[in-house]
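Trainee: Build me a structure from this.
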Amino acid sequence: MTENHLTMRIAILLLASAAQTVFAQDPNMIQADAVFVQAAAKADKPALEQLLDPDFTWTDAAGRVQTKAQVSAELPTMAIAAGNTVSKAYTYGTLGNVQVNQGRAHVLRVWVKRPAGWKALLYQELMSLEKPPTFTPGAGAACQNPCQSIPFTPKNEIERAVAAAYSQLETAAHARNSAAFGPMVGDEFVAASSNSDKLQSKRSRMSDFDRSKDGGVAPTPLRSARMFVLGDAVLMVSDHQPDRGSPLRVTRIWVKRTGSWVETLSFQTAVAAAKPK
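Mentor: This is a model prediction of the structure:
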């Protein structure tokens, strides 16, 4: 191979590597998200209702889940309304999300592109811990569920493939196997949990595994799940019962890349015990 050919090949590889870390943003989704935040902050029910998908759900920091009808009847208060916030946005075809962080508060808004435009499909918030966790709720030593099997019946081949990828990913996480975990998550991967004191990236998650740590995030037994298949992207919303600690409401996004399904985010909100009346 000549020096010119070698230089050209290196350039191509660098471009390909860079392309994997550049993610699209749809300006129309960003605009819809801005209108959503403004309408919610001003308690403008008519404006907000026009942006909500029929399957919309709102999960607050206590883990309480509300439907579109419930939100339209009485608007919840957002954990992050404005101010000094850090946000990221990603678009995967007809599925997108906006992530907003402010101190210990973390908010996820998931959007779906319908014929009438971008509609909010999910809002979820959580508060991270003030200090590093003293224990990590998990799936027990054997990790039967979700590592070996899960109580979920796929409706089609895509759901079947995502369910299989989910179990494989959780098996790698349970074993703290960073080599197996890495290829199964996107470069933009982020994990936020009520059981952790920090946001975790792909790199930090793998680093924790290499040091035999979990950082408050570990596989937990699945109770139920629902998937929204949107082309080469899947929204997975599930409920979990850890071996200890509070139940969890978890949102994941899966994207098909080079023939494999990879996870791009995991937002885990602990469900607080209901207060006695």
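Trainee: so Lys202 sits right up against Phe189, yeah?
Mentor: Yes - in this structure Lys202 lies within contact range of Phe189 using CB atoms under 8 Å: 4.2 Å. Every residue, glycine included, has its C-beta placed from N, CA and C.
Trainee: since we're on Ala192, how many residues are nearby?
Mentor: Summarising burial for Ala192: neighbours were counted as other CB atoms under 10 Å, giving 25.
Trainee: Give me the three-state assignment for it.
Mentor: Using DSSP: H, G, I helix; E, B strand; the rest coil, the structure places Ala192 in strand.
Trainee: Test for you: state the pLDDT assigned to it.
Mentor: With respect to pLDDT, Ala192 scores 97.
Trainee: Next one: the residue nearest to Gly140 when sequence neighbours are not counted from Cys143, what distance?
Mentor: Excluding the flanking residues, the one nearest Gly140 by CB to CB, 6 or more residues apart in numbering is Asp243, at 4.8 Å. For Asp243, the distance to Cys143 (CB to CB, to the nearest Å) stands at 10 Å.
Trainee: Could you check which of these two has the larger neighbour count?
Mentor: Neighbour comparison, Asp243 and Cys143: the larger count goes to Cys143, with 21 against 14 (by other CB under 10 Å).
Trainee: Any idea how many residues pack against the closest residue to that one other than its chain neighbours?
Mentor: Excluding its sequence neighbours, the residue lying closest to Cys143 (CB to CB, 6+ apart) is His174, at 4.5 Å. With neighbours defined by other CB under 10 Å, the count for His174 comes to 19.
Trainee: now swap in the one 4 residues further on and tell me
Mentor: Neighbourhood size, Ser178 [other CB under 10 Å]: 18.
Trainee: Look at it and report its pLDDT.
Mentor: pLDDT for Ser178: 97.
Trainee: so it makes contact with Arg211?
Mentor: No - the pair formed by Ser178 and Arg211 falls short of the contact definition of CB under 8 Å, at 9.8 Å.
Trainee: What backbone torsions are found at the residue nearest to Cys143?
Mentor: phi -60, psi -40 (degrees, to the nearest 10).
Trainee: ok, it touching Gln144?
Mentor: No - checked against CB under 8 Å, the pair His174 and Gln144 is beyond contact range at 10.6 Å.
Trainee: so Pro154 makes contact with Ala165?
Mentor: No - applying CB under 8 Å, one finds Pro154 not in contact with Ala165, separated by 11.7 Å.
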